[in-house]
Each structure stands twice: as C-alpha cells, then as structure tokens.
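Trainee: Quick one, structure for this:
(chains A and B)
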Amino acid sequence: MEILSLLGDGMVLSLQPLNLLLIIVGVTVGLFIGAMPGLGSVNGVAILLPITFLVPPGSAIIFLAAIYYGAMYGGAISSVTLGIPGASTAVATTFDGRPLALQGKAGLALVAAAVASFVGGTVANILFTAFAPLLASVALSFGPPEIFALMLLAFATFVGLGGDDIPKTILSICMGLVFAAIGFDQVSGAPRLILFDINGFLKGINFLVLAIGVYGIGEMIWTIYSTRGEITTTKAEISVGQIWRDIKEVGQRGWKGTAIGSFLGFFVGILPAAGATPGSLMSYGVAKMVSRKPDEFGKGHPGGVCAPEAANNSASTGAMLPMLTLGIPGSPTTAVLLGGMVIWGLTPGPRLFVEQTEFVWGLIGSFYVSNVFALLINLAFIPLFIWMLRMPFTILAPLIFVLSVIGGYAALRDMFDIWLLLVFGFGAFFLRRFDYPLAPAVLAIVLGPIAEPTLRQSLLLSSGDPSIFFTRPISGPIMVIAIILILLPLAKFLRQNKPA
Amino acid sequence: MTITRRLMVLASAAAVGFAGMVGAAHAFEPKKPIDFVIMAGPGGGADQIARFLQSVAEKKDMTSRPLVPNNKGGGSGAEALIALSTTNDPDHTILVTLNSFFTTPLRQPNLGIDIQTFTPVAMMAVDPFVLWVHKDSGITTFEQWLETVKAAGGEYVMGGTGKGQEDSIVIAFMSDAFGFKVKYIPYDGGGAVAKDLAGQQIMATVNNPAEAKGFYEAGDFVPLLAFSDERIPGIDVPTMKEKGHDFSYYNQRAVVGAPGMSDDAAAYYQKLFADIYNTEEWQGYMESESLSPLWMNPDEQRAYWETQVANHKALLAAMGE
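Mentor: Numbers count the residues shown, from 1 in each chain, chains lettered A, B, ... in the order given. The predicted structure is shown next:
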C-alpha cells in the first residue's frame, strides 16, 4: 500500500506542467536521436545533460529519462525503414524488421515495435515499482560465474535454433568472438590481435560499426545485387484502419515474443554487466527458439520485432534499478545519468532510494507517463516514416550509404571506423552469398566482451577449477540448461548426417 | 642540485609569463567545439570528474564553444593517448587524465608515446585511495585484516581495475611490505569493483572514496586504511604512514593539452581551468568527493610528470611488470 501511495505521489509530480512538457519534448527528441543511425540514447543524454541546469534535479532526471525512453522507441525506426540499426539496442530489430519492410509490411513492423516497446516498458515499470529493493539484492548475487553462465545460455539459444545450418552458425559465432577479442586484453592489459600493426585496432572493434556495416552497407549491396539495378520502390501503405489491423496482427503473432522480451529484457537489464543490447539479442534468440515456426524468424516474423523491442525498453527501465538502488550504472546511458546526479548534488548509492523519495518516485512515476506519450508520439509519426520508404531505391541507396557512414563515424569519431565499416559491409555480402547466418556473429561481438572477462575472473576465483560454474546455486542450473541446449541440436545434426 | 632545479623552474616560469603577456595581444578563442577526451570509459571516477568540469563551464558560460566529452578508455587509456598524439587539431583537443597517463606509456613502449610532448594545462586535484571491506566480514581494523589475509594463505580475494592499474600498485606494495599473498580479480572499472564488493563476490578492494562513498554512507563498506599523506576528512581511518611505512599514493585528476598545442591556446586553457578550479562548485566537489587540492603551474606540472614517471617505473618494476 505504501508503495502505491508513493507511486501516486510520483505520478502527480510527473504530471505537473513543467515536468509534463519536459516529458513530451524529451520523448520526441529521444525518438529522433534514437532513429539517427549511430546516435543512441547515450549520446542524446550526454549532449543534453548541460541543459538540465535550468530546471530542478527532479525535473532534470525526468527529462533525461524521457530522452532515454524515446530513444529506445526510435531505434527501431531506422532498423525497419532503412535496415540500418538506429542504435546498438535495436540491432536485433533489423533481423525481422527489415524483411517485413521489404515485403511492403513496414507499417506492421513499426506498429509491432511501438506496441511491444509499450508493453515491455509497462511490465518493467510494474516489476520495478513492486520489487526494486528485492531485485537489487538479486543483481548483487550475480558474480562473475553467474554472468558467464547467463552468457553461455545466450549463445546456446542461438546455436539451438531450429532451421539454421549449425556448423555455419558456430563458425559465425567464432568469427564474432575473434572480432570481440581484438584490442586490449582486459585481464593482462596487453594488446591483442592488432592486425597488420594498425593502431586503429588498439581500441577494439566497436559493435555498432560492425552492425551498421553488416546491416546498412551489406544489406544495401545485397539489394543492388539481387535486384540487378532495377528501379524499385517498396510498397508501403498506411492508414488509421491499417494501423488498427496491424495492432491486431501483432496481438496474434507477436504476443509470445513480447512476453519473452518484457521479462527476459528486464532481468538482463538489472544486471550491471549486461544492459539493453544483450537483453534484446537474447530475447530474440529465445523467442525464435520457443516459436512453433522458427524458420520464419529472420524472414519477417512480427515476433522477431516484438521480442527485441519489448526487451530493450524493459531492459532500459531495468538498468535504472542498480543505478537508483545501488548507485551502479547498468548501461552506458545510466552511467551518464549517474554523473548527472552527482552534478545536481545528489549522492547516488544505496541510500538514495530511502532518503530522496520524492526524486526517486517522481522518476518512477515519470516512466509510466513517458511510456504512454512515447507510444502515442511514435504511432503518430509512423506515416512519416512510411512515406520515406516510398522513395525509389536509386534514391534510398545513396541515403542509406551516407547515413551508414555518418552513423559509423558518430559512434567513436574515428576515420578508421569508416574503412572497417566498408570492409564489414562487403564481407557481410559475401558471407550472405554463401548462406552464412550473420546474426550469431553480431551476438558474439556483443556478448564476447562480457563472457570472456567473467570466464577468466571465475577461473581466477577458483584457481582454475571449472567446477565453480556448477557448484554455485545460481550458476549451476543455468549452466546445465545451456549445455543441454547446445547438445540437443548437435545430437540431431549428427543423427541426420549418419552414413546410411 | 635542488637549487639549480628551482632556478631553472623560476627562469622558465618567467619566460612563460613573458610569452603569456606577448600572447595576450592575439588571445586565442576556440573556433569550434573542443574535443574533451576522457582517458576512461563512462561511469568511472575520471568520467564523473570530466562531466562535472564540463557542466561547470557550461553553467557559467565560460567557453565560447562547448567542451564535448569523448570517452576513449580503451587499453588503459592508450586509445586516448594515441588520439591526442595523432590529432590534426591540437588547439581544440584536451584530455582528462589519471595515472594511466604515466603507466600506460611505460607498460606499452611500442605505442611510442612521450608524455613530455603533451601540453600541461591544469592539475585539478589528486584522489586518494582507501582499503575497504564489507561490513559482514566483521573486520574493523587494519591489523585484524592483515591477520585474516595471512591466515587465508593466498585464498583471500581482492578485486581491482587490473594489473598495472592504480589500485594494483597499492595492493602490490602492501603484499610486499607485509608479506602476504592475495588472489587479485581484475574488473573493467571502479564501479564494477564496488558492486562485487557489495555483493561479497570479492572480500576487499582499494578504491577512490568517490567510488565507494554510497556504500560507505549506507554502512555496507568499512574503511580500514588510507594511502594518503594525512587522514582523509570524513573517512576517519589511519594512514599507511601511521603504520610506519613511508608510502602514499594518489590518482591525478589533471587536464593536459595535445602535443603541439600553440602557446596561445595553452594559455587559454590554463586560464579556463584555473577559473573552473576557483569556482565554488569545484571547491565543493573536491570536498564532497574527498579529493585533495594540489594546484600547480604548468612548469610544476612538467616536473611532477617527471617524478611520477620515475616513481611509477620503480613501482611497476617492483611488481615485475
């Protein structure tokens, strides 16, 4: 009961005229920042942080959280319409969002993204409101072995997918892991795999550069190759009636993905090591695995849009939890928000939740309000985004190229990344030509940098004894499930290929 | 020896002062946004400080063009050092540093970085280190802690930001001075270390006060020993010096300019950060985050770099790095 009255106060606070205005402006700005390839919520929040000195801290954080929220919705837009991931959190959305758009169902994909984002955000808000302190202790009980077990489970869901060629999937994962290993070794600090002694490799390969290269440039080359330069436009119609029919279709075909994304995304989001990008990729993998028609994933299944979109919104709320209850950022964006709190004169940490109730509950209340406005504003803009798609491909292709290059540069502002982007684009085209699935490589480059240090930390803890993963109460069961998931399809594969 | 060095410092200070006066005739003003490179990833101590400095400049409208924070934490800051060395616009590129400014070029000689080519701007503060344990360990004094660590026979687990990093230097000094061994688990930032101490995945850490402050105030972390010259206000624990070892260790919170920065631009940034240093906001931040003031002019900074490089060379050599 006490929680409900605190939440009620918080919502009243976030509905005050100034705060409401900040929410609407923040969500809209976030939507467009998220939609710009290469710029994600972290850039938006960092750029606009100084503006927040003009308003009291409680309103400032509401504004920044609204941008954060809006960006999670916006990331899906360029993933669907242009095939370029708008932000790292929306990479998984391209897997099915882009094929849907090419089939003339961009409206369905965008509606699926908006509705799933709303559901994911709402589920996360309710979980957050009801269980925040309890969940904080769950997050703390995840040490290196538990996080590693979870990462292995994520890989297992990608290997364990029906339909894909398993050796090619594993090769694709291995390729991603090699890319992830480039740069400095986190444990020893020594440079690793600095190919051709090029200094640009020292900083490692940025995940967004790979994703934009593969999905922006690679996809564009593929389309040119497969249409042989014919002038084509994508059919794209939208009307209020169509949006309504799309919402119904999302309800029928996307509910499972949405549910998985909402809960799994939130849980992965509260773990400080993970965040929204791993959360959305894992949710995609699980949604595909439990689907009755896993073959349709990757070819334009609404569930493949719903799962990552529900997850990235849910995870972004989840990432606020360790920030507010422990003072530890769960994602790069919350790290910037934490910096903001210090500047506003608040001390982040375990006491914030107890001592600054008005600040904390005003923020939580604003999550609910932001979520509603983000949904409405997003739906209102869908016709505009659909209209962009009506451009002939001869105009769209250069646009995609330019936006990809800008996006690749914006991530780290390094010219070297542009060359990498082009290499990845052409590489992806050839791999696709030979039927290699690329999603597992993208997954590996996101999860590799989490899995590798936690594996090594765990083995340092146990002096090299791998049983540490099986004897701890949380990591043990996760490891067993992961291993079963990896072995099942391998067994199936071996049986099928047995010499007659 | 000391006298000649002082004389040299004085002479060069006078020369710089003169150059500054001449330069004032064509005062430098930034013509485009200033690339404000941070030698660490988002969220850690260095990042928080950089964003605080940026926000003070922004709030007081101290620069005609904005400072744009740019995290380049890769390879213990090697990424940032290379970015500054290779920039084609040294007049608009400055760097927020920590001690990896000294250690990374020493540990990675193949990078070809000579920090004396960088341009001194401002020493904003130095950040002390404190030894922390979790309250559930029941340990309240350094002596109890030593006993526990020695009794564990090498199984005592400490976490930090990696071998060769600031905290590992402190831990290496302690294990050498008191003759114990620990398991050292590396993490990618001070925040992650604090989280795993709070979750008791590790047993003790050496962290800057700012990174452990929230948990300390909530009563979860217990400080045992400070590695500062004097006791730290607000964290009332003995220092290593009180325990009879002449050892103190600080993380520098300094701003430096890119190699090849023009004298006019250097003078501009030196004045800018001196102004920020004197604001109420920065003075208040130093107090609340337990930073120690250590203001230096540019020549003193260069001399400080020299002694720090020598110190770190010895410390790293002692660690077998």
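Trainee: only C-alpha atoms for contact and neighbour calcs from this point on.
Mentor: OK.
Trainee: Now for B:Tyr187, how many residues are close by?
Mentor: B:Tyr187 is flanked by 21 other residues according to other Cα atoms under 10 Å in any protein chain shown.
Trainee: Go ahead and confirm it touches B:Met158.
Mentor: No - contact criterion Cα atoms under 8 Å: B:Tyr187 and B:Met158 do not qualify, at 10.7 Å.
Trainee: Regarding residue 84, what is its secondary structure?
Mentor: All of this is about chain A. coil (DSSP: H, G, I helix; E, B strand; the rest coil).
Trainee: Return the residues in contact with the closest residue in space to it that isn't next to it in sequence.
Mentor: Closest residue to A:Ile84 apart from its sequence neighbours, by Cα to Cα, 6 or more residues apart in numbering or on different chains: A:Gly216 at 4.5 Å. A:Gly216 makes contact with A:Leu82, A:Gly83, A:Ile84, A:Pro85, A:Ile400, A:Phe401, A:Ser404, A:Gly425, according to Cα atoms under 8 Å, 6 or more residues apart in numbering or on different chains.
Trainee: who's in contact with the third one?
Mentor: So that's A:Ile84. Per Cα under 8 Å, 6+ apart, neighbours of A:Ile84: A:Pro37, A:Ser78, A:Thr94, A:Ile212, A:Tyr215, A:Gly216, A:Ile400, A:Ser404.
Trainee: Hmm, which of those residues is lowest in pLDDT?
Mentor: When the contacts of A:Ile84 are sorted by pLDDT, the bottom entry is A:Pro37 at 77.
Trainee: you'd agree the residue nearest to A:Ile84 is in a helix?
Mentor: Yes - the assignment for A:Gly216 (three-state DSSP) places it in a helix.
Trainee: Give me the pLDDT for residue 5.
Mentor: As the question left the chain open, I've gone with chain A. 84.
Trainee: wrong chain, I was asking about chain B
Mentor: For B:Arg5, pLDDT reads 48.
Trainee: Next: the one 3 residues further on.
Mentor: According to the model's per-residue confidence, B:Met8 sits at a pLDDT of 48.
Trainee: which bits of the stretch 101-250 of chain B sit near chain A?
Mentor: B:157, B:162-164, B:183-188, B:191-192, B:195-196, B:198-199, B:201, B:213-215, B:217-218 (Cα under 8 Å from any Cα of the partner chain).
Trainee: tell me which of the contacts of A:Gly216 is nearest to chain B?
Mentor: Closest approach to chain B among the contacts of A:Gly216 (Cα to the nearest Cα): A:Ser404, at 20.5 Å.
Trainee: Please give me every residue in contact with the closest one.
Mentor: Contacts here follow Cα under 8 Å, 6+ apart; on that basis A:Ser404 touches A:Pro37, A:Gly38, A:Ile84, A:Ile212, A:Gly213, A:Gly216, A:Ile217.
Trainee: Do any residues in the helix or strand where the fourth one lies lie close to chain B?
Mentor: The reference is to A:Ile212. In this assignment (DSSP states H and E), A:Ile212 forms part of helix A:207-212. No - judged by Cα under 8 Å from any Cα, helix A:207-212 makes no contact with chain B; its nearest approach is 13.7 Å.
Trainee: packing partners for that helix?
Mentor: Under the contact criterion of 3 or more Cα pairs under 8 Å, 6 or more residues apart in numbering or on different chains; DSSP states H and E, helix A:207-212 touches helix A:393-412, helix A:415-433, helix A:439-461.
Trainee: Report the buried residues of the helix or strand following the longest one.
Mentor: Spelled out, it's helix A:439-461. Per DSSP H and E, the first helix or strand lying C-terminal to helix A:439-461 is helix A:468-471. Neighbour-count burial for helix A:468-471 flags A:Ile468, A:Phe469, A:Phe470 (criterion: 16 or more other Cα atoms under 10 Å in any protein chain shown).
Trainee: Tell me which of the residues of the stretch 101-250 of chain B next to chain A fall in helices.
Mentor: B:Gly191, B:Ala192, B:Lys195, B:Asp196, B:Ala198, B:Lys213, B:Gly214, B:Phe215, B:Glu217 (DSSP state H).
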